[in-house]
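Asks: Pasting the sequence and the predicted coordinates here, then a few questions.
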Amino acid sequence: EVQLVESGGGLVQPGRSLRLSCAASGFTFDAYAMHWVRQAPGKGLEWVSGISYNSANIGYVDSVKGRFTISRDNAKNSLYLQMNSLRNEDTALYYCAKDIGSYGDAFENWGQGTMVTVSS
Amino acid sequence: IQLTQSPSFLSASVGDRVTITCRASQGVSFYLAWYQQKPGKAPKLLIYAASTLQTGVPSRFSGSGSGTEFTLTVSSLQPEDFATYYCQQFNSYLGVTFGQGTRLEIK
């Protein structure tokens, strides 16, 4: 059974940093692309960042470019999101999602999310 | 690429056939997926590659379309289908976008 468990969320002041982690199990982690998707309270889904199976391809939504960095450690079956210079508008539930393929396509499995609240 | 779903809100009854449309600002080939999300839960993949039913999803769900216009159809609504639905496109790592969502409620 595929399991994705996010951690690292919390309350942080604007301008500070957080690092999210996603521990994956139940599948061959290094064969699939992975993504971070967020959902602000009461709002829709927004793709934040994605990384291909071998880290050769990486992308970000425009609003986080230069502030967030996605990475993966295939030896540890883990996905990360380093979030710097956080803003109030980054407040959201952050989901880790497994792609159906190795490059990028659709999001087959999702974690339960970790909440990030940016507020002074 | 922007995705626009219509309608944004839909009221229907159990047994109804409903269709949700997703229009893209430019062609997205066939990398178009549909998700269902219930309150307090993570989204669930229903359809990928525009028309491929994800394993375990009931056959009353179907997807169609290509290029810039896609549809999700539920042939006979069941009580558990009342939720919010999102379309999503993957245009390489240049950008992935979701539609704004369609909230399907019981009439």
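Replies: Ah, there it is.
Asks: And the strands in the chain?
Replies: Going with chain A. Applying DSSP state E to chain A gives strands spanning A:3-7, A:10-12, A:18-25, A:34-39, A:45-51, A:58-60, A:68-73, A:78-83, A:92-99, A:107-110, A:114-118.
Asks: could you do chain B instead?
Replies: B:3-6, B:9-12, B:18-24, B:32-37, B:44-48, B:52-53, B:61-66, B:69-74, B:84-90, B:96-98, B:102-106.
Asks: other SSEs contacting the last one?
Replies: The reference is to strand B:102-106. strand B:9-12, strand B:18-24, strand B:84-90 (3 or more CB pairs under 8 Å, 6 or more residues apart in numbering or on different chains; DSSP states H and E). Backbone N, C-alpha and C define where each C-beta goes, glycine included.
Asks: quick one on the thing from earlier: looking at the strands of chain A, which is nearest to chain B?
Replies: Proximity to chain B (CB to the nearest CB) singles out strand A:58-60 among the strands of chain A, at 3.0 Å.
Asks: in its sheet, what does the closest one sit against?
Replies: Strand A:58-60 sits in its sheet next to strand A:45-51 (antiparallel), going by DSSP bridges.
Asks: Now tell me what touches the partner strand from outside.
Replies: Residues outside strand A:45-51 that contact it (CB atoms under 8 Å, 6 or more residues apart in numbering or on different chains): A:33-40, A:57-61, A:64, A:68, A:70-72, A:79, A:81, A:92, A:94, A:99, A:104, B:35, B:37, B:43, B:86, B:88, B:93, B:95-98, B:101.
Asks: do you know which of the helices and strands packed on strand B:102-106 lies nearest A:Leu4?
Replies: Among the helices and strands packed on strand B:102-106, the nearest to A:Leu4 by CB to CB is strand B:84-90 (17.5 Å).
Asks: can you dump the C-alpha coordinates of that closest one into CSV?
Replies: Presented in CSV, the C-alpha positions along strand B:84-90 are these (Å, rounded to 0.1, in the frame of the first residue of the first chain):
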residue,chain,number,x,y,z
THR,B,84,-15.7,19.1,-5.5
TYR,B,85,-14.1,18.2,-8.8
TYR,B,86,-10.9,19.6,-10.3
CYS,B,87,-9.3,19.3,-13.7
GLN,B,88,-5.5,19.5,-14.0
GLN,B,89,-3.0,19.7,-16.9
PHE,B,90,0.7,18.8,-17.1
